[in-house]
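# What follows is a predicted protein model with its sequence.
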Amino acid sequence: MFAALTLGSLLAVLPSPTPAPTPTLPPVIIRTITTARCTTLHEMMRPIGYVTRRNDDAFRAMAFATQKFLSNFMPGDVPTIADLQASLGSSNGSGTALNGTGTPMSTSLSASRGNDQLVYGPSQILSAARIDSVAQQIFGNIMVERAFLTKSYKKFPKGKNPKVDAMRRAAQNVMTLQEALANRYEQFAGTYFDGMDLARMTANNQSGVATLKMTLRELLLGDTRGLASDTPRKLSPNDPFLGYKSVNQLARDGNPGEVLTALKGQEFAFTSTLIHTYNVCHQSHYILAPIHTMPAPSPKP
């Protein structure tokens, strides 16, 4: 008992061991390099990249609206010119023969004096209006992108810094093809609304009504078919403009599928430049996985 009390007393007066101090981590040092390239990255590339993503969403919405427009011709399918002519009737005759060799629905619609309900039904008018509205939004976004580009040229004149010039060239290529693709959609919408009430205003007889409606259907289908295509295409890194001499020639003369394919390639090149420059300016190590197939816009918004 005495030994136990003595031991307890000794333990009571012994000093408690001091806990070891927690090691302090060294401060995280983030290096930010300030150069013309880094300034261009933050004041031009990143804002344009953000607007480009919004434009991509808009292009998907227009592709979806185009698919909805076409579904009224043949639900669940995109018709060819031959399909359209077969449903409408041959144009190599006169009178009832001109518009009487198609389906009963197309025969009656072709002979009527009013708008062609196969083309100007309520759903299709809404789809075309949607295409027109979104195209205008894209044009506005491109104006915003160009404002950033103009500001960059004022700050760093062309020819003073080759790497800055290359960054701006990547941005300009994207904008050129964005505008070209939006123009293709706007061209369809313009053709569509210009043709409204045309049969009532210009056709003098039943044969003329049918001929006019057939021509308009073929024209609209030709405009629309490439805009709603979902066939993947391959883009060669050695031929970014698909055989055209320049991005401007492609934008002017390329079909919608070619413009879309090249746009996806130029967006990838733009993003690669952006990420590489970001790594240089921030001492980071982000990477961008390569894309081998350039998909067409999704039919879903």
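Thanks, I have the structure now.

# how about the strands in the protein?
233-234, 293-294 (DSSP state E).

# Now tell me which of those the model trusts least on average.
Mean pLDDT is lowest for strand 293-294 among those, at a mean of 42.

# Ile131 and Gly190 touch, don't they?
No: in this structure, Ile131 is not within contact of Gly190 by Cβ atoms under 8 Å, at 10.1 Å. (C-beta placed from N, C-alpha, C; glycine too.)

# Looking at those two, which has the bigger crowd around it?
Ile131 (26 against 15; other Cβ atoms under 10 Å).

# Mind pulling up the pLDDT for the more buried one?
For Ile131, the pLDDT comes out at 91.

# Let me see the contact set for it.
62, 65-66, 69, 185-186, 188-189 (Cβ atoms under 8 Å, 6 or more residues apart in numbering).

# Just the buried subset of those residues, please.
62, 65-66, 69, 185-186, 188-189 (16 or more other Cβ atoms under 10 Å).

# and the residues you listed as a markdown table, adding distance to Leu288 and pLDDT?
As requested, these are exported to a markdown table (distance: Cβ to Cβ, whole Å; pLDDT from 0 to 100):
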| residue | distance to Leu288 | pLDDT |
| --- | --- | --- |
| Met62 | 26 | 89 |
| Ala65 | 31 | 87 |
| Thr66 | 30 | 84 |
| Phe69 | 35 | 82 |
| Tyr185 | 28 | 91 |
| Glu186 | 31 | 92 |
| Phe188 | 33 | 87 |
| Ala189 | 34 | 89 |
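
# which of the residues you listed lies closest to Leu250?
Of all those, Leu250 sits closest to Tyr185, with 16.8 Å by Cβ to Cβ.

# right, and out of the contacts of Ile131, which lies closest to Pro240?
Nearest to Pro240 among the contacts of Ile131, with distances taken as Cβ to Cβ, is Tyr185, at 22.5 Å.
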